[in-house]
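Q: Structure for this input, please:
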Amino acid sequence: GPKCETEGALTHQYELADLTTWITDCKPKRMFCIRCCLLELQCSRARLAIAAATLTLPQFAHTPIQMAPAMASVAVSVRSSLDIANTRFKGEPNITYELILSRFRAIGTPIEKYLTLRDLLRLAPKVYYELLLKHTEEILPFIYTPTVGEACQNYHKLPLKTRGLYLTLHDKGNIAAKLQSWPVQDIRVAVITDGERILGLGDLGRNGMGISEGKITLYTAAAGVNPLQSLPICLDVGTNNESFLQDPDYKGIKAKRITGAEYDAFIKEVMDALKAWQPHILVQFEDFGNNNAFRLLEGYRHDMCAFNDDIQGTACITLAGLLSAARATGKPLKEHRVLFLGAGEAGTGIGELIAKYLHLKHGMTVEEGRQHCFFIDSKGLVCKSRTNLQHHKEPFAHDVEFCPDLKTAIEQLKPTALVGVSTIAKAFNEEILKALYKLNERPIIFPLSNPTSKSECTYQEAFKWTEGKVLFASGSPFDPITDNEGIVHYPAQANNAYIFPAVGYAAVLARSKEITDEMFVLSAEVLSQMTDMQELEQGRLFPPFQNIRAISKVLTARVAEHMVETGLGTPPEGVKDWENFVAANMWTASKL
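A: Sure thing, here's the model as predicted:
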């Protein structure tokens, strides 16, 4: 064939979208092999992704590649601090998986790593999944929190290709047809959002697709769900984000969100179409606004296999953390009082699951269990004397004296645990944490708000202001601390990925009719028992996330078994050992 043209150095920089066109273009004018172009391309992400492609597409590695003439004049800004041009592959006999990993680690900013991973998924999916599955704990922050928050804010401006399915108001009456035209029909899991309440960042409209894409990836990474059987969905029903409405680059519907009967009718069409399309599909509601999250959960959870991760997944991982922390204090959870800052869907969902646990395991009524949970919202303590409370707050309006602020509530209620679900950065300041520490030898402090910029406090602050006595878990990751004696203390991350992939995959494998609160209580108990006292003393309220596949195997098996025992699930033919069955059905990159 024609020889590769290497005379003269290419100094152009290429967008990844251009590279895929370049590889497949059928009207050649200039010829280069990928290996030689790796020496010349200046765009770091592009070079890395093409390098990875040579690992899984060996037929391209030394084959002349056709490049469209227009591509030769494309110049884009270098978005990564990694300059592979200065550390060329020349002289290295092979492009290896380890080399790709080292180049990835050298990329400077989280958003560049996020974009690099998306590029790898498109051009070298096997390398992408090997990275993800072998280095899950390292890779996860660049797929989901905290990086996904920044990605969603700028999703409409980033150089990426959407992986999921948009269902918009323009599709009304045609939802079923859109599902039936999706390239892969054997879908088992769908993560669906309307983008109204993305993390702690508010209404991001159509940009919420990034959340669905991130969460769906965790099903594969954590529990072994086949990525080809997973579908991220974003509903575009308008946005109340004024900056997006005025932004010419925003690609969503530029109108205020629909509400009321029109919204409910659209959701019903979507849910009915999903159930008719795949009768056993698992649907995870993600980042819906408070006004809709509880209604949709209650409206559909008994009709099909559906749950809300913000309400139930967050509640489950928090309950697991509280059970572990309670063990560290030497007192069972029934002797603790939990004060929440924030009374939205995440907070009251946690309170309800705590009450359910105390009912199931300690013989209390659910109402008695709720008496262990107190909530502060923007107007002060949620209590009986308050009027016009939102429906989800009413069960926690106890007959106690009103407190106007968090510090007063701590002094009056004397909680043992403080949980932040407010998205108010630095709300747990020195005065607040010292007040809690004054009441408790081992104060339990859980700043759960995401992303990191919204966290109520950092691990370093909580550690300092409690003299290292804190039992800590956060929504986003923080670095460990080495004290003056050389002892390392680890901050726990209350990561929903411990829970929702395993519970969801259990429902898929057992074909469960629904997902109940009892299943989340069971999951929290099982997870909390995976840490011993030595690990708890180090601050590890959860088992190491690097073992997430092994953790998920146990959780998935226990929950699936429970589903079958309670008559909600159907055992696959011949299954006698659920753990072995789950392990055998965990997807790996070798299956690509």
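Q: who's in contact with the closest residue in space to residue 538 that isn't next to it in sequence?
A: Counting by C-beta to C-beta, 6 or more residues apart in numbering, residue 490 is the residue found nearest to residue 538 once chain neighbours are left out, at 5.4 Å. All C-beta spots, glycine's among them, are computed from the backbone N, C-alpha and C. Taking C-beta atoms under 8 Å, 6 or more residues apart in numbering, we find residue 490 in contact with 480, 538-540.
Q: are any of those residues buried, and which?
A: Those of the contacts of residue 490 that meet the buried threshold are 539-540, by 16 or more other C-beta atoms under 10 Å.
Q: Output the contacts of residue 490 in a markdown table, with pLDDT, distance to residue 189 and secondary structure appended to each entry.
A: Conversion of the contacts of residue 490 to a markdown table gives the following (pLDDT from 0 to 100; distance: C-beta to C-beta, whole Å; DSSP: H, G, I helix; E, B strand; the rest coil):
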| residue | pLDDT | distance to residue 189 | secondary structure |
| --- | --- | --- | --- |
| 480 | 96 | 33 | coil |
| 538 | 94 | 34 | coil |
| 539 | 95 | 33 | coil |
| 540 | 96 | 29 | coil |
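Q: of the contacts of residue 490, closest to residue 460?
A: Set against residue 460, the nearest of these by C-beta to C-beta is residue 480 (10.1 Å).
Q: Tell me if I'm right that that closest one and residue 489 touch.
A: Yes - under the contact definition of C-beta atoms under 8 Å, residue 480 touches residue 489, with a separation of 6.2 Å.
Q: Buried residues, stretch 234-252. List them.
A: For stretch 234-252, the neighbour count (16+ other C-beta under 10 Å) marks 234-239, 241, 244-245, 250-252 as buried.
Q: circling back to that earlier point, phi first, then psi, for the residue nearest to residue 538.
A: Residue 490 adopts backbone torsions of phi -110, psi 130, taken as degrees, to the nearest 10.
Q: now residue 264
A: Dihedral pair for residue 264: phi -60, psi -40, per degrees, to the nearest 10.
Q: Residue 299 versus that one, what's the distance?
A: Remark: distance between residue 264 and residue 299 (C-beta to C-beta, to the nearest Å) = 8 Å.
Q: Also residue 399?
A: Applying C-beta to C-beta, the value for residue 399 to residue 299 is 31 Å.
Q: Export the contacts of residue 490 as CSV, with columns for distance to residue 227.
A: Formatted as CSV, those follow (distance: C-beta to C-beta, whole Å):
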residue, distance to residue 227
480, 32
538, 34
539, 33
540, 30
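Q: Closest one to residue 469 out of the contacts of residue 490, please.
A: For the contacts of residue 490, the residue nearest residue 469 by C-beta to C-beta is residue 539; the value is 10.8 Å.
Q: And the next helix or strand past the least confident helix or strand in the chain by mean pLDDT?
A: Here the helix or strand of the chain ranked lowest by mean pLDDT, DSSP states H and E is strand 65-67, holding a mean of 35. Next along the chain after strand 65-67, taking DSSP states H and E as the criterion, comes helix 97-106.
Q: Show me what the very next helix or strand once past that following helix is packed against.
A: Next helix or strand after helix 97-106 toward the C-terminus (DSSP H and E): helix 110-123. With contacts taken as 3 or more C-beta pairs under 8 Å, 6 or more residues apart in numbering; DSSP states H and E, helix 110-123 sits against helix 16-24, helix 44-56, helix 125-134, helix 147-153.
Q: Poorly predicted segments of this structure, please.
A: Filtered on pLDDT under 70, the chain yields the residue ranges 1-95.
Q: still on that earlier bit, in helices, which of the buried residues of stretch 234-252 fall?
A: Residues of the buried residues of stretch 234-252 located in helices (DSSP state H): 244-245.
Q: what helices or strands is the strand ranked longest in the chain leaning on?
A: Counting by DSSP state E, the longest strand found in the chain is strand 230-236. On a contact count with 3+ C-beta pairs under 8 Å, 6+ apart, strand 230-236 meets strand 165-168, strand 189-193, helix 209-218, helix 260-277.
Q: Minimum distance to residue 335: which of these has it?
A: Nearest of the helices and strands packed on strand 230-236 to residue 335, taken as C-beta to C-beta: helix 209-218 at 34.2 Å.
Q: now that closest one, how far from the chain's geometric center?
A: Distance of helix 209-218 from the chain centroid (C-alpha atoms, centre = their mean, to the nearest Å) equals 7 Å.
Q: which helices and strands does it pack with?
A: Secondary-structure packing of helix 209-218 (3+ C-beta pairs under 8 Å, 6+ apart): helix 147-153, strand 189-193, strand 230-236, helix 500-510.
Q: what's the next secondary structure element after the last one?
A: Right, the one you point to is helix 500-510. Next along the chain after helix 500-510, taking DSSP H and E as the criterion, comes helix 517-528.
Q: Return the angle between stretch directions for that next one and helix 500-510.
A: Between the axis of helix 517-528 and that of helix 500-510 there is an angle of 120 degrees, by axes from the mean of the first three to the mean of the last three C-alpha atoms, to 10 degrees.
Q: chain center to helix 517-528: distance?
A: Chain-centre distance of helix 517-528: 19 Å, with C-alpha atoms, centre = their mean.
Q: tell me which residues in it are buried?
A: For helix 517-528, using 16+ other C-beta under 10 Å, the buried residues are 517, 519-528.
Q: Backbone dihedrals for residue 425, please?
A: Backbone torsions for residue 425, taken as degrees, to the nearest 10, come to phi -60, psi 140.
Q: Contacts only, for the residue lying closest to it once chain neighbours are set aside.
A: Residue nearest to residue 425 in three dimensions, not counting chain neighbours: residue 454, with 5.5 Å by C-beta to C-beta, 6+ apart. Going by C-beta under 8 Å, 6+ apart, residue 454 touches 199-201, 423-425.
Q: What about those residues, which are in helices?
A: Going by DSSP H, the helices hold none of the contacts of residue 454.
Q: Return the member of those nearest to residue 283.
A: Nearest to residue 283 out of the contacts of residue 454 is residue 199 (C-beta to C-beta; 20.2 Å).
Q: Does that closest one touch residue 451 like I think?
A: Yes - Residue 199 is within contact range of residue 451, at 5.8 Å (criterion: C-beta under 8 Å).
Q: Find residues that contact each of those two.
A: Listed as contacting both residue 199 and residue 451 by C-beta under 8 Å, 6+ apart are 145, 148-149.
Q: could you redo those residues as JSON lines and give each row distance to residue 381?
A: Listed next are those as JSON lines, based on distance: C-beta to C-beta, whole Å:
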{"residue": "145", "distance to residue 381": "29"}
{"residue": "148", "distance to residue 381": "33"}
{"residue": "149", "distance to residue 381": "30"}
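Q: Make a markdown table out of these and add distance to residue 432 and neighbour count.
A: Output for these, formatted as a markdown table (distance: C-beta to C-beta, whole Å; neighbours: other C-beta atoms under 10 Å):
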| residue | distance to residue 432 | neighbour count |
| --- | --- | --- |
| 145 | 24 | 21 |
| 148 | 29 | 26 |
| 149 | 25 | 25 |
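Q: re earlier: give the residues shared as contacts by residue 480 and residue 489.
A: By C-beta under 8 Å, 6+ apart, residue 480 and residue 489 have these common neighbours: residue 539.
Q: Quickly note the distance from the closest residue to residue 545 other than its chain neighbours to residue 222.
A: Using C-beta to C-beta, 6+ apart and skipping the chain neighbours, the partner closest in space to residue 545 is residue 137 (4.7 Å). Distance, residue 137 to residue 222, by C-beta to C-beta: 11 Å.
Q: again, but for residue 498
A: The spacing between residue 498 and residue 222, counted by C-beta to C-beta, is 8 Å.
Q: Report the set of residues contacting both of the two.
A: Common contact partners of residue 498 and residue 222 (C-beta under 8 Å, 6+ apart): residue 548.
Q: The nearest residue to residue 275 once chain neighbours are set aside: neighbour count?
A: Leaving aside its sequence neighbours, residue 275 sits nearest to residue 304 (C-beta to C-beta, 6+ apart; 5.2 Å). Counted with other C-beta atoms under 10 Å, the neighbours of residue 304 add up to 19.
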